[in-house]
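K.L.:
Pasting the sequence and the predicted model now:
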Amino acid sequence: MTKIAISGHRHFSEKEQLRIAIQKVLGEIIQTNPEKGMWLYSPLAEGADQLAASIGLEFPEIKLVVPLPLSQEEYFKDFSTEEGKQEFHTLLGRANKVVELPAMQDHKLAYQQLGAYLVKECDVLVALWDGEGGKDSGGTGEVVEKARASGRKIYWIYCENGKKKSENGKRVGEIEVLN
């Protein structure tokens, strides 16, 4: 099985460009590994995780694995909308496997543990990310840095973080392969 991990921003715009890019990347991974099934690891956080999981489930070759960094009650404290919580439940109901990571009280440590788990488990990382360095402990930048250090193939789909605009000249949905 080829293992694909998702990491990305919770807030973004231009969802349709990102949808097209995710479909293209997952299609390419399937084409380059036609004899293998696929596991898609997504923690189903609002934003990129949920978008990628819903698109991944459109492909019959892809099975969904949901690693949970916190108990659902604690995890939902980091969700900002009821719609995000409902989508979480919908996608969780379609998961082939749920992995409950060891319990941690501190959310930052839980997300660091999640990032390390995703990198350890994956063959390929798909990052919906603005390219900003790993400033947030457990954030996408840190996950990308760990994946690069581990020699993982990374599909970087440029995604503005909804909190601020980046000025690196990339277009939303632009794909770059790292490593």
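P.N.:
Sure thing, it's come through. Numbering: from 1, shown residues only.

K.L.:
where do the helices sit along this structure?
P.N.:
With helices called from DSSP state H, the chain shows them at 15-32, 48-56, 72-75, 82-94, 107-121, 140-149.

K.L.:
My guess is F79 contacts G47. True?
P.N.:
No. Taking contacts as CB atoms under 8 Å, F79 lies outside contact range of G47: 10.0 Å. Where C-beta positions appear, they are placed from N, C-alpha and C, glycine not excepted.

K.L.:
Return the most buried member of the helices of the chain.
P.N.:
helix 48-56 (a mean of 23; mean count of other CB atoms under 10 Å).

K.L.:
That one to helix 82-94, inter-axis angle?
P.N.:
When axes from the mean of the first three to the mean of the last three CA atoms, to 10 degrees is applied, the directions of helix 48-56 and helix 82-94 differ by 50 degrees.

K.L.:
helices and strands around helix 48-56, which ones?
P.N.:
Using 3 or more CB pairs under 8 Å, 6 or more residues apart in numbering; DSSP states H and E as the contact test, the elements touching helix 48-56 are strand 2-8, helix 15-32, strand 38-41, strand 62-68, helix 82-94, strand 124-129.

K.L.:
nearest to G141, of those?
P.N.:
For G141, the closest of those is strand 124-129, at 6.9 Å, according to CB to CB.

K.L.:
got the contact list for that closest one?
P.N.:
2-9, 12, 18, 22, 25-26, 29, 47-48, 51-52, 118-119, 140-141, 143-144, 147, 152-159 (CB atoms under 8 Å, 6 or more residues apart in numbering).
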